[in-house]
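Participant: would you be able to build a 3D model of this:
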Amino acid sequence: ALAIAKSLMNKSRKELKEAEVALTRAEQRKRDSKDLAIKSANEAKECEIYAVETKHYIQKVKKQLEKCEKKSNTASTVTSTALTEAKISEDRAVEAEHRAKRSSATAAADHAKSDTETEREVQLEKEAASLQKQCKEANSAVRVSKQKVATIDDGHQKASAQLASIEKNEQYGSELRRRIERQELESHAEDDDQDLAKYLKKYRAKCQEVDNLWNKLLNANQDRKNIEKKKVRMQRALDEAAHKVKIQSTAGVHSRSKADQSAALADQVAEYAEEEREAANMRQIASERAEENLHNLGTQQASLIAQVDEAEKAHLDAEEKKLQANMLTEKHDGEAFNARDTKKYHQRVERKNIQVKAAVKAHLAASSEKKAADTNVAETSCALNANADVYHKAKVDASTQKHQINAERRMESNAVSAFKKYKALVQEAEVAKEAAAAAQVTAARKASGVRSSKDYRMKKSKVKEVAMNLANLTTLHSTKFRFFEGSLTLPFNNMHNIAEGKMIQIMSNEDDFEARQWREFNKNHMTRIYPSRMHQLRLNQSNYNPVLPWSLGCQIASLNQQICDAFVLVNDGRFRVNGSCGYVLKPEFMIERKGGDISKRNRFSADMPQKWTVKVLSGYNLPKPKKKALAGNVNVRVRVTLYDGGLSAPTVHLTDTVKNNGLNPIWNEYNGAAFSVVEPSAAILLFSLWDVGEETDVDNSEDFIAAAAMPISCLREGYRSIALFDSNHMRCGSHAYSCLFVNIGAEYEKKLQ
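Facilitator: Reported below is the predicted structural model:
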């Protein structure tokens, strides 16, 4: 029994030790399972966060990919359009260049033909001139032959009269007639007395003279007839030559006109070819840029697709890792759950101390707990599978909804694109309409240019060649104005001659871009403005406002000096500055200087008063107009006019009329007139005095008395005496001491800080 007890004790001790070891292992497994569960849970959470981030990243990259695809489609369309337009432009440019070459060849051929026709015309004119000279010589010869015939005829008549007087001699006439009848005029000469012999000798000599003169007269008449026939032939030849010259002249004019037309057409075609070539080059550059952009977009799209693939792969990996981590977490949670209760081991140890059966019961309890854990694991697996099915369905629904949203966005994008295309087509239609209008204007301008070119070439053909030495002395060269972008590239010694109408057209534009370009051109070049020949602007020999070209910086403003109007007086006032030498410097802001103090360049425009007040006080020694020079008094009224830069009408101020007083009329204005000046450096103030007719006069007209004009830049504040000039811009005779007394005030505009 002791042995049995000992064996039982030993067995109990052994089982106790085994129970203690099992207790220690259970507690270690509990700690390890808990740590692994926490670690797995953290990994699952990190994988879930990474999966969410990759999902957001995938959505972001897909949005970028959609944008890139849209840009790529647009770029593809633009590229194809640009390539098509570049090809069309290249074909048009090549065709235009061929046309330009053909036009140049045609122009050269027409020019050579016109030169040939001109040389032939000159040759025929020389021949006609030679024939005309021969005709003049023939006429002179006819006159000489007629004079010769008349002289011989007079001599013959005189000789015949003398012969008749000899035959009528009273002393020897009967004897002479008897011998003539008998034909014995030469016989019996020895038997005749000396006086009769002399008489008969004289008669024979006179007969011989008459016969000789008659023969000479016949020969002279024959020569005259021959010369007249020659004259007729020469006149016919001259008429034929003149007719040929006329025909050749018509042909020459036609050939030269055709050559000019061909040259103008060649210039137009060449210019068109240059424009087409520039357009083709620009479209080629645009197509290359579009291809480069398309290539970049393709590269970007490929990169985005690769990023999407990598992100989706990473997302799948994250999901798998998340699932694995969740499974490990659940597994370790189960293990931790299984190992959470260590009391059984304590009870087992205690029961082992009491009895062995406690261990069996503990073993049975652990088995039942294990079965419960397996059941929980099975239930958890079922729930996981159900959640996976729900996740898959949600993913499919999200993908379907995403596709629907993409379809709706694509439809919206197509609608927006169609609307944009519609707007673009409308704009293109408007641009085409404007281009058509511009083309019509250009065509009219080119037609005018062709007409001007014809006139110029016709005039040029009549102008003799200038000697080279004289040409070397020429400083300025006139260049036809086309557009200021090209004019700004010309050398400084090239100048423009622009008509008044063209100037008004440029200034009438709402955009002052051309006016600013014109001022920039005049800083380094010269421009001359001349009165227009258009009937709408110039019905008589009046003038235009020269202040407008001066405000643009034009150096020469040509006027009609044969008429005295307000603008001639304004021009006279402008050039009274600088000692009336005829030259006046432009304002500093219109001059392009190199170096110097830049701050002083705008002093004439920025530091000058913008508002002026003029009060007319009195006048002195005012002369009478011509119709009142002998009798009558003057009724004086002052007109103060401001001519400023721009197309606006001038500002006019009229004083009251002082009647019957030209010696010292007094107005003594209290308020006066206020003038706002836009261009102080170019504006002119004109004081003109007029004799106003009586109210009873039928015409009620005004007669000019005197005037004076002065630039705004020369005005000074205070009381000033203004010297007056006559209509010939002179201060002499009755105008020697005429003057006007005024009070001038200035006001500066407040500058905004």
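
Participant: centroid residue for this protein?
Facilitator: The residue lying closest to the centre of the chain (CA atoms, centre = their mean) is residue 483, at 4.5 Å.

Participant: got the confidence number for residue 192?
Facilitator: At residue 192, the predicted lDDT confidence score is 57.

Participant: before we move on, the earlier item: next one: phi and psi at the residue nearest to the centre of the chain?
Facilitator: Phi and psi for residue 483, reported as degrees, to the nearest 10, are phi -150, psi 150.

Participant: make 548 the starting number, not 1.
Facilitator: Shifting the count to begin at 548 puts that one at residue 1030.

Participant: in the stretch 948-1097 of the chain, which spans are helices?
Facilitator: Using DSSP state H, counting those that start in this stretch, the helices of the stretch 948-1097 of the chain run over residues 1015-1020, 1031-1034, 1047-1054, 1060-1069, 1094-1098.

Participant: right, and these - which one's nearest residue 964?
Facilitator: Nearest to residue 964 among the helices of the stretch 948-1097 of the chain is helix 1060-1069; the distance by CB to CB comes to 34.8 Å. Every C-beta, even on glycine, is put in place using the N, C-alpha and C of the backbone.

Participant: quick one on the thing from earlier: and the helices of the stretch 948-1097 of the chain, which is most packed in?
Facilitator: helix 1094-1098 (a mean of 24; mean count of other CB atoms under 10 Å).

Participant: can you tell me the closest non-neighbouring residue to residue 1180?
Facilitator: Distances taken as CB to CB, 6 or more residues apart in numbering put residue 1207 closest to residue 1180, at 4.1 Å, once the chain neighbours are dropped.

Participant: quick revisit: okay if I get the helices of the stretch 948-1097 of the chain as a markdown table plus mean pLDDT and distance to residue 576?
Facilitator: As requested, the helices of the stretch 948-1097 of the chain are exported to a markdown table (pLDDT from 0 to 100; distance: least, CB to CB, whole Å):
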| stretch | mean pLDDT | distance to residue 576 |
| --- | --- | --- |
| helix 1015-1020 | 79 | 117 |
| helix 1031-1034 | 84 | 92 |
| helix 1047-1054 | 86 | 101 |
| helix 1060-1069 | 87 | 91 |
| helix 1094-1098 | 90 | 104 |
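
Participant: how close does residue 1190 sit to residue 1124?
Facilitator: Note on residue 1190: its distance to residue 1124, by CB to CB, to the nearest Å, is 15 Å.

Participant: out of the two, which sits in the busier spot?
Facilitator: Taking neighbours as other CB atoms under 10 Å, residue 1190 and residue 1124 compare with residue 1190 leading, 27 against 15.

Participant: show me what contacts the more buried one?
Facilitator: Applying CB atoms under 8 Å, 6 or more residues apart in numbering to residue 1190 gives the contacts 1092, 1094, 1117, 1197, 1230, 1231, 1232, 1233.

Participant: that older thread, any idea how far the residue nearest to the centre of the chain is from residue 956?
Facilitator: Distance of residue 1030 to residue 956, given as CB to CB: 48 Å.

Participant: residues in contact with residue 1024?
Facilitator: Residue 1024 is in contact with 1040, 1041, 1042, counting by CB under 8 Å, 6+ apart.

Participant: any idea which of those residues is closest to residue 618?
Facilitator: Of the contacts of residue 1024, the one sitting nearest to residue 618 (CB to CB) turns out to be residue 1041, at 48.9 Å.

Participant: now that closest one: closest residue in space that isn't a chain neighbour?
Facilitator: For residue 1041, ignoring the flanking residues on the chain, the nearest one in space by CB to CB, 6+ apart is residue 1026 at 4.4 Å.

Participant: tell me the pLDDT at the one you found?
Facilitator: On the pLDDT scale, residue 1026 gets 86.

Participant: quick one: neighbours of it, just the number.
Facilitator: Residue 1026: 16 surrounding residues under other CB under 10 Å.

Participant: that one against residue 1038, yeah?
Facilitator: No: under the criterion of CB atoms under 8 Å, residue 1026 makes no contact with residue 1038, lying 9.5 Å away.

Participant: so, low pLDDT: which residues of the stretch 848-997 of the chain?
Facilitator: Across the stretch 848-997 of the chain, the ranges flagged by pLDDT under 70 are 879-917, 946.

Participant: count the neighbours of the residue nearest to residue 1205 when sequence neighbours are not counted for me.
Facilitator: Using CB to CB, 6+ apart and skipping the chain neighbours, the partner closest in space to residue 1205 is residue 1212 (3.8 Å). Residue 1212: 24 surrounding residues under other CB under 10 Å.

Participant: from the contacts of residue 1024, pick the one nearest residue 706.
Facilitator: Using CB to CB, residue 1042 comes nearest to residue 706 of the contacts of residue 1024, at 81.6 Å.

Participant: spit out the contact partners of the nearest residue to the closest one once chain neighbours are set aside.
Facilitator: Spatial nearest neighbour of residue 1042, excluding adjacent residues (CB to CB, 6+ apart): residue 1073 at 4.1 Å. Residues near residue 1073 by CB under 8 Å, 6+ apart: 1023, 1042, 1043, 1102, 1103.

Participant: before we move on, the earlier item: quick one: which of the helices of the stretch 948-1097 of the chain is nearest residue 836?
Facilitator: Nearest of the helices of the stretch 948-1097 of the chain (CB to CB): helix 1031-1034, 24.3 Å.

Participant: residue 1292 falls within a helix, correct?
Facilitator: No: looking at residue 1292 with DSSP: H, G, I helix; E, B strand; the rest coil, it is strand, so not inside a helix.

Participant: since that was my last question, I'll sign off now.
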